[in-house]
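Engineer: No letters, just coordinates:
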C-alpha cells in the first residue's frame, strides 16, 4: 500500500552487530574507465590502515559551483565498487561521491573467514564489534581527508563543500551509517558526527538487544530508511523484513523518510548488477523487478540528498508524493 551489572562493551556490541552487521595519500591507481571516476588508496598513519576509495566527480561544466559530498559504506564482504548504481545517479545530479572500502569486513576479509556467502558463521566472524569501531574510524578519517584537501585547495577538492556531508550505506554499511548518525549501544555511547548532515540506511535493522528508542533517540537529523518485503537475513542473526521496516517507527520524528519496495530483497539495495547481486539465492520476481527498483531508489535518494543537503524545494515537493511507486510499495515521511 502506498502511504504518505552492565555488560561489557564488546559483548553488547557483538549482540547488536548480529543484525548487520595529515595522512599519506597514494596516487590514483585507476580511472576505472571513466574520466570522472578515480580509484585511490588513502592511508591513515595513526592506525597504519589503508582505505581504498572510489571517487565520482560531477561534470564541471554542468555543476560549476560548490559541490556537496556524499559518502557510501558497503555491506559485509563488499568493496568500493558497491553502490555503483546509486553513486552514478548522485554524481550525475551534482554530488561528489566517495565510496569507502573497509578492510576487515570487505571481500578480502570474508574470503578468509567464510567458505562462501552461504557460510553464515564465517560471515559473522567478519562482522564483530571491532569491525564496527574500525568502520566508524574510517568514516571520521575520510571526513578529515576531505577537509584537509579542501583547505589545501587540492585540485578538484577546492570546489568541494567540506561540511554538510551526506552518508549512506547498505547492510553493515547501514549499521555504520546509523552509528555515525548517533546510534547508542549498551556500554558504548557511539558516535554523533557533526560534519554529517543527512543519512540514508539501505537494509537497516533495529538492534537485537537493548532499548531501540534509546538507541535511536539522538538521530535528530534527516534519515531515510530503505528496505523491501523480501529483505531477509543474510548472516543468520534473525534480521527479518519486519525488523528492517521497524527502524522507521523507532526513529524520532522530524525529517525522516521510509521506502519499502514490494518484492525487493537484500541484494536489491547493494546498488550493483550482474554477479555482484547474485551472491545469495534470489527469487525470479526480484530479478525481474530489479531495474525498476533501482530506478525508483536512485530517483528518491537523489531527491533526498537535494532536499536535505541543498534545500531544494522542488526535490522536497517530489518527495511529498513520489511518482512510479507500484502496488504494494510503501512511502512514508514524518
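Structural biologist: Sure thing, it's come through. A quick note: this is a predicted structure, and the numbers were derived from the prediction, not measured.
Engineer: quick one: low-confidence parts of the stretch 51-200 of the chain?
Structural biologist: For the stretch 51-200 of the chain, the stretches flagged by pLDDT under 70 are 115-118, 122-124, 126.
Engineer: so where do the strands sit in it?
Structural biologist: The residue ranges that make up the strands of the stretch 51-200 of the chain, judged by DSSP state E, counting those that start in this stretch, are 69-73, 96-100, 165-170, 196-202.
Engineer: list the helices and strands the first one packs on?
Structural biologist: Translated: strand 69-73. For strand 69-73, the contact count by 3 or more CB pairs under 8 Å, 6 or more residues apart in numbering; DSSP states H and E identifies helix 84-92, strand 96-100, helix 129-151, strand 165-170, helix 172-181 as packing neighbours. C-beta here means a position set from N, CA and C on the backbone, and glycine is covered the same way.
Engineer: hang on, the earlier thing: compare the strands of the stretch 51-200 of the chain and give me the one nearest residue 138.
Structural biologist: strand 96-100 (6.0 Å; CB to CB).
Engineer: Compute the inter-axis angle for the biggest strand by length in the chain and strand 196-202.
Structural biologist: Looking only at the chain and at elements set by DSSP state E, the strand with the highest residue count is strand 256-265. Relative orientation of strand 256-265 with respect to strand 196-202: 30 degrees, computed using axes from the mean of the first three to the mean of the last three CA atoms, to 10 degrees.
Engineer: so how far is stretch 235-254 from its chain's centroid?
Structural biologist: Chain-centre distance of stretch 235-254: 15 Å, with CA atoms, centre = their mean, to the nearest Å.
Engineer: same check, this time on stretch 311-330
Structural biologist: Taking the mean of its C-alpha atoms, stretch 311-330 sits 20 Å from the chain's own mean (CA atoms, centre = their mean).
Engineer: Return the set of buried residues in that stretch.
Structural biologist: The neighbour-count criterion (16 or more other CB atoms under 10 Å) identifies 312, 315, 318-319, 322, 325, 329-330 as the buried residues of stretch 311-330.
Engineer: Looking at these, which are in helices?
Structural biologist: 315, 318-319 (DSSP state H).
Engineer: As JSON lines, the residues you listed with distance to residue 112 would be great.
Structural biologist: Converted to JSON lines, those look like this (distance: CB to CB, whole Å):
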{"residue": "315", "distance to residue 112": "43"}
{"residue": "318", "distance to residue 112": "44"}
{"residue": "319", "distance to residue 112": "42"}
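Engineer: Can you tell me which of those is nearest residue 281?
Structural biologist: Comparing those against residue 281 with CB to CB picks out residue 319 as the nearest, at 33.4 Å.
Engineer: okay but the closest one is in contact with residue 302, surely?
Structural biologist: No - under the criterion of CB atoms under 8 Å, residue 319 is not in contact with residue 302, lying 10.4 Å apart.
Engineer: would you list the buried residues of stretch 311-330 in JSON lines and tack on pLDDT and distance to residue 133?
Structural biologist: Output for these, formatted as JSON lines (pLDDT from 0 to 100; distance: CB to CB, whole Å):
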{"residue": "312", "pLDDT": "97", "distance to residue 133": "35"}
{"residue": "315", "pLDDT": "98", "distance to residue 133": "34"}
{"residue": "318", "pLDDT": "98", "distance to residue 133": "38"}
{"residue": "319", "pLDDT": "98", "distance to residue 133": "34"}
{"residue": "322", "pLDDT": "96", "distance to residue 133": "36"}
{"residue": "325", "pLDDT": "96", "distance to residue 133": "38"}
{"residue": "329", "pLDDT": "98", "distance to residue 133": "36"}
{"residue": "330", "pLDDT": "98", "distance to residue 133": "34"}
